[in-house]
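Asks: My questions are about this predicted structure, shown below with the sequence.
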Amino acid sequence: MPSGALITFALNISSAFVALLTSYYAYRSNRLVRSPALGAINVGFMLLGVGLAVDAGTSLVSGRLLVELPAERAFILLSSLTYLTLQLLAYLVIAVSYTRAAYGRPGAAAPAALAGVAALGLYRFSLLSYFVTVILLAFIVFQGMLVRSEGRGRFSRTVLLGFGLILFAHLVLLLAVLVMGPTLFLAGTAVQFFGFVSLLAFVVRSEVVVPG
């Protein structure tokens, strides 16, 4: 396996582990404080963890120099579609939660942005899914800033830093899809990992701060 594919695999596995750990700690903290943000992080990062684990398995196959068997091609296609779909659902859940925290009602724009995505081919699906994910993440960061400025909820700079890093990562990943750049894809995956770590730090700290 080429070194770049091996590094991508390691980052995806690490990110999947961090995402699932974030989901676990968010679940534990949410049982104590009943925060919509923690509830959304619990569900969203569980979906992200599963999707990243699937994507890591895909990179083991697609990272090889030759992928000739039809079954392997079908596996790569199905895994990629699964990961991209779970990623969209994860950030949609978080975006809707932030909208409720800011305005007290769910937003209609985010679900409408997903219409018709599944009917596209893999490249166009990848391109559109990363584009929609960037929109959702920008929306999450903006709503998080609004909620924090109004002093509502358990939002902190760590949360905004985490989602800000993930937003930047997906801008890089979108560019990587546009120009088919493996180096950019690797860089975006690395930045996304650090964003996940920031959010894990937040949910772990939330559990420590709240008395059991």
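Replies: Received the coordinates, thanks.
Asks: lowest-confidence helix or strand of the chain?
Replies: Sorting the helices and strands of the chain by mean pLDDT, DSSP states H and E puts helix 109-112 at the bottom, at a mean of 48.
Asks: quick one: the helices in this structure?
Replies: Remark: helices assigned in the chain by DSSP state H are 3-33, 36-62, 70-103, 109-112, 122-149, 157-179, 182-209.
Asks: Need the winner for burial among those.
Replies: Highest mean neighbour count among those (mean count of other CB atoms under 10 Å): helix 36-62, with a mean of 22. Where you see a C-beta, it was placed from the backbone N, CA and C, and this is true even at glycine.
Asks: Which elements pack onto it?
Replies: Judged by 3 or more CB pairs under 8 Å, 6 or more residues apart in numbering; DSSP states H and E, the packing partners of helix 36-62 are helix 3-33, helix 70-103, helix 182-209.
Asks: if you average pLDDT over the second one, what comes out?
Replies: Read it as helix 70-103. On average, the pLDDT along helix 70-103 is 74.
Asks: for stretch 12-29, same thing?
Replies: Across stretch 12-29, the per-residue pLDDT values average to 90.
Asks: Quick one: distance of it to the chain centre.
Replies: 11 Å (CA atoms, centre = their mean, to the nearest Å).
Asks: what residues does it touch?
Replies: If you take CB atoms under 8 Å, 6 or more residues apart in numbering as the criterion, stretch 12-29 is touched by 35, 38-39, 41-46, 48-53, 55-56, 59, 189, 192-193, 196-197, 199-200, 203-204, 206-207, 210.
Asks: I'd assumed residue 140 was in contact with residue 91.
Replies: Yes: counting by CB atoms under 8 Å, residue 91 touches residue 140, with 6.9 Å between them.
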